[in-house]
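*Asks:* turn this into a model:
(2 chains)
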Amino acid sequence: MRLLIVEDDPVLSDGLSVGLGLSGFTADTVGTLADARAALGSSDFAGVVLDIMLPDGSGLDLLAELRKTGSRLPILLLTARDQVHDRISGLDAGADDYLGKPFDLQELAARLRAMLRRQEGRASAVIEWNGLRLCPATQSGQIRGKNLRFSRREFTILQSLIEHPGRILSKPQLEERLYGWQEEVESNTVEVHIHHLRNKLGREFIQTVRGIGYRLSGPADEGRPQ
Amino acid sequence: MNSIRRRLFIILLVATGAIWLSAVLWIQHSTRTEVGNVLDRRLQESAQMVASLIERNGGIVGPDTAALVDEAPALPDTGQHDFARQLICQVWGFDGQLKSGSSGAPPVQLGDGHEGFSEREVDGEIWRVYSHVDEELGIRVMVGDTLGMRDRLVHGVAIGLLAPAVLILPLLAALIWFAVRRGLEPLDKLADALSGRPATDLSPLKNSRAPSELRPMIDALNGLFRRVDGLRERERSFTAFAAHELKTPLAGLKTQAQIAALAQDTGTRDKALAQITRGVDRTDRMVRQLLDMTAVDNAIDSTQPSTQSGARILADVVDELAGLAQARDIALQLKTEPTEWRTAQAALLAPALRNLLENAIIASSRGASVEAQLTRDGEKICFSVLDRGPGISEADRPHVTERFYRGAASSSDGGSGLGLSIVATAVKAMGGELHLAPRKGGGERAEIILPPAPSVTPF
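*Replies:* Here you go, the predicted model:
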């Protein structure tokens, strides 16, 4: 899942990018509000980790701007100001969650997963589809009683597809979820990951829609002869 | 004596007492004069009355003729003293023979024989006598009284006046005490209002109903409250700022530490450890700047007795930062013009120079050089720090010396928004000027210009 991190402290910014990467997120970092606006305008993010005290203004202003334009983008405020009244004003300004500095990396990852899950309208931490149980926290799954392990990118593709089972996602859409700005997009990686996923889940679990992209097959497709 | 109330009371009491005393003395004096005149007139009238009675009696002077003086009109208001009886009368013939004398009259001639008043001492008593000379009858009528009697009379009048004064004075004292208390009541009220306040209440005192004498003091107090409030506000925002600012680098350190613990590969772990070192360095710099800020704020209110050479202070700061410069591969160049300039404000100058130089080192790219100079410009002393870094952006330039202001560029090197504000505060306190300008050929030129004899301006 691709996140935008708005944080001006270089050490923390690097730590968030690397640390959330370890939990299966793809993170892009910016240090100012201006850069954050530019990034949000040009790319598609699943969520934002937003610092409040930034060099060119308050993160709360960006939050207010986004909510005013009707954006439902999940936003977690990450800030040194974590008194009760700060948290209240942050949440009231439209934040989905609030975490005070310093924080635990695992807790941040868990809160982000929960935040994104709520965004998808799910309450359970485990996603189920067509006999597959997928656990974002451990990036693992179960199908027909068999335990499965996925690489970060495999898992990101699978999760993107499973969150909108009927929808077709194009190759560029999947690539955008896979790669941050610093990473170079390798050609045909998506195909390679889809291939590995089909090996683990069964050939028909992911359908190729010729010329458009990929989608998951529904339960109705199950009885079809392979 | 420290009590205004007691001082006022005593002043008023002494002044009133003195006025009373002089009034009594003046009354006594005028009474004495007045009584003297009245008694003199009685002597004269009595002598003339006795003479005219003798004349009416055909000029015959009997032995009890002198007793006629007792018929003289009594003095008014003589009270218990029977002054009427105190008149003595003698009738002397021209031949020097005492023809008649009233009871108690001494056998010697009281008057000097001439018409008019005279005084004579007989048996230790001074007599005042009026002599009436009647040429036709050939007699001298002398009527007199003693000065002792006169004094007693005057004393009686004076005591009559003093007695109520003795009664009234304590009453007056009580009245003055009460009046002084009432008069000083606004002071008591002010003291109550102040002593009843909690330490956190720095709201201004109301002075609309205060007496005009207290208003300047209340205004001064309110001014002090405002200043203390400002100082406390500054301290509060400083503490909040320091706490918040330190939380971010701490969060960075914790995150990197967790990455190092979680990382599977050595590359990620090593990178996280390097980031931890970087984070500690940055946090260390921030803490040092917070301490500098406190040191500068404290130095403003105090003066050091000893002076230090300006060139020496600059050399020490350059020495101190040599390690940082070396770590970043920056060549530090120190150029000092020979000068005897000394300052008692090393506690202000050193942090200012250190922050300027540190900024220049951090802004410079590897292999660049940073110059620290001390020059004389006429009477003035000029410390300059020159670098070849990116310089301050025009958008940030008007704000860089504001406390906690962080320009967009400062986030990349992790500036805390304190450095230049420390410099500006210190330079202002030294009565100098801070000039920040783009350097010819790229970079920034920072100058601290100080007057020849550093003066302290109130913060």
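*Asks:* from here on, contacts and neighbour counts on C-alpha atoms
*Replies:* Fine.
*Asks:* residue 31: how many residues sit nearby?
*Replies:* All of this is about chain A. Look at A:Gly31: counted by other C-alpha atoms under 10 Å in any protein chain shown, it has 22 neighbours.
*Asks:* try chain B instead
*Replies:* B:Thr31: 17 neighbours (other C-alpha under 10 Å).
*Asks:* could you find the closest non-adjacent residue to it?
*Replies:* Computed as C-alpha to C-alpha, 6 or more residues apart in numbering or on different chains, the closest residue to B:Thr31 that is not its neighbour in sequence is B:Val154, at 6.5 Å.
*Asks:* tell me the mean pLDDT over the helix or strand hosting the one you found?
*Replies:* Using DSSP states H and E, the element containing B:Val154 is helix B:147-183. In this model, helix B:147-183 has an average pLDDT of 83.
*Asks:* any idea which helix or strand comes after that helix?
*Replies:* Using DSSP H and E, the helix or strand that follows helix B:147-183 in sequence is helix B:185-195.
*Asks:* got the angle between that next one and helix B:147-183?
*Replies:* 30 degrees (axes from the mean of the first three to the mean of the last three C-alpha atoms, to 10 degrees).
*Asks:* got the angle for the very next helix or strand once past helix B:185-195 vs helix B:185-195?
*Replies:* Using DSSP H and E, the helix or strand that follows helix B:185-195 in sequence is helix B:215-262. With the same axes, to 10 degrees defining the directions, helix B:215-262 sits at 0 degrees from helix B:185-195.
*Asks:* so where is the stretch 51-200 of chain B shaky, pLDDT-wise?
*Replies:* Applying pLDDT under 70 to the stretch 51-200 of chain B picks out residues B:71-85.
*Asks:* can you name the residue of it nearest to chain A?
*Replies:* Residue nearest to chain A within the stretch 51-200 of chain B (C-alpha to the nearest C-alpha): B:Thr200, separated by 21.7 Å.
*Asks:* residues near that residue, how many?
*Replies:* 8.
*Asks:* phi, psi for it please.
*Replies:* Here is the backbone geometry of B:Thr200 (degrees, to the nearest 10): phi -90, psi -10.
*Asks:* Three-state assignment for the residue of chain B most remote from its centre, please.
*Replies:* Distance from the centre of chain B peaks at B:Gly58, with 88.5 Å (C-alpha atoms, centre = their mean). Under DSSP: H, G, I helix; E, B strand; the rest coil, the three-state class of B:Gly58 is coil.
*Asks:* from B:Val91, how far out is it?
*Replies:* B:Gly58 is 15 Å from B:Val91, where distance means C-alpha to C-alpha, to the nearest Å.
*Asks:* tell me the centre residue of chain B?
*Replies:* Most central in chain B under C-alpha atoms, centre = their mean is B:Met217, positioned 10.2 Å from the mean C-alpha point.
*Asks:* all strands for the chain, in order.
*Replies:* You didn't say which chain, so I picked chain A. Remark: strands assigned in chain A by DSSP state E are A:2-6, A:26-30, A:47-50, A:53-54, A:57-58, A:75-79, A:97-100, A:127-129, A:132-135, A:140-143, A:146-149, A:206-209, A:213-216.
*Asks:* I was after chain B.
*Replies:* According to DSSP E, the strands that chain B contains are B:88-93, B:98-101, B:116-122, B:125-134, B:139-146, B:308-309, B:331-336, B:342-343, B:369-377, B:380-386, B:433-438, B:444-450.
*Asks:* and these, which is most packed in?
*Replies:* strand B:139-146 (a mean of 28; mean count of other C-alpha atoms under 10 Å in any protein chain shown).
*Asks:* and it with strand B:125-134, angle?
*Replies:* Going by the same axes, to 10 degrees, strand B:139-146 makes 150 degrees with strand B:125-134.
*Asks:* report all helices and strands that strand B:139-146 contacts.
*Replies:* helix B:4-56, strand B:88-93, strand B:125-134 (3 or more C-alpha pairs under 8 Å, 6 or more residues apart in numbering or on different chains; DSSP states H and E).
*Asks:* that one pairs with which strands, and in what direction?
*Replies:* Sheet pairing here is set by DSSP bridges, and for strand B:139-146 it gives strand B:88-93 (antiparallel), strand B:125-134 (antiparallel).
*Asks:* and that strand, how far out from the chain middle?
*Replies:* Centroid displacement of strand B:139-146 relative to its chain, using C-alpha atoms, centre = their mean, to the nearest Å, is 71 Å.
*Asks:* one step back: neighbours of the residue nearest to B:Thr31, how many?
*Replies:* Per other C-alpha under 10 Å, the neighbour tally for B:Val154 reads 21.
*Asks:* that one: what's it in contact with?
*Replies:* B:28, B:31-32, B:35 (C-alpha atoms under 8 Å, 6 or more residues apart in numbering or on different chains).
*Asks:* give me the contact list for stretch B:217-227.
*Replies:* B:202-205, B:207.
*Asks:* and if you look at stretch A:25-32?
*Replies:* A:1-9, A:13-14, A:16-18, A:20-21, A:36, A:54-56, A:152, A:177-181, B:408, B:411-412.
*Asks:* count the neighbours of the residue lying closest to B:Arg366 once chain neighbours are set aside for me.
*Replies:* Distances taken as C-alpha to C-alpha, 6+ apart put B:Asp329 closest to B:Arg366, at 5.3 Å, once the chain neighbours are dropped. Residue neighbour count, defined by other C-alpha under 10 Å, stands at 16 for B:Asp329.
*Asks:* export the strands of chain A to JSON lines and append columns for mean pLDDT and mean neighbour count.
*Replies:* Converted to JSON lines, the strands of chain A look like this (pLDDT from 0 to 100; neighbours: other C-alpha atoms under 10 Å in any protein chain shown):
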{"stretch": "strand A:2-6", "mean pLDDT": "93", "mean neighbour count": "24"}
{"stretch": "strand A:26-30", "mean pLDDT": "91", "mean neighbour count": "24"}
{"stretch": "strand A:47-50", "mean pLDDT": "94", "mean neighbour count": "25"}
{"stretch": "strand A:53-54", "mean pLDDT": "84", "mean neighbour count": "21"}
{"stretch": "strand A:57-58", "mean pLDDT": "86", "mean neighbour count": "15"}
{"stretch": "strand A:75-79", "mean pLDDT": "90", "mean neighbour count": "25"}
{"stretch": "strand A:97-100", "mean pLDDT": "91", "mean neighbour count": "20"}
{"stretch": "strand A:127-129", "mean pLDDT": "81", "mean neighbour count": "16"}
{"stretch": "strand A:132-135", "mean pLDDT": "84", "mean neighbour count": "19"}
{"stretch": "strand A:140-143", "mean pLDDT": "85", "mean neighbour count": "18"}
{"stretch": "strand A:146-149", "mean pLDDT": "85", "mean neighbour count": "12"}
{"stretch": "strand A:206-209", "mean pLDDT": "86", "mean neighbour count": "16"}
{"stretch": "strand A:213-216", "mean pLDDT": "86", "mean neighbour count": "20"}
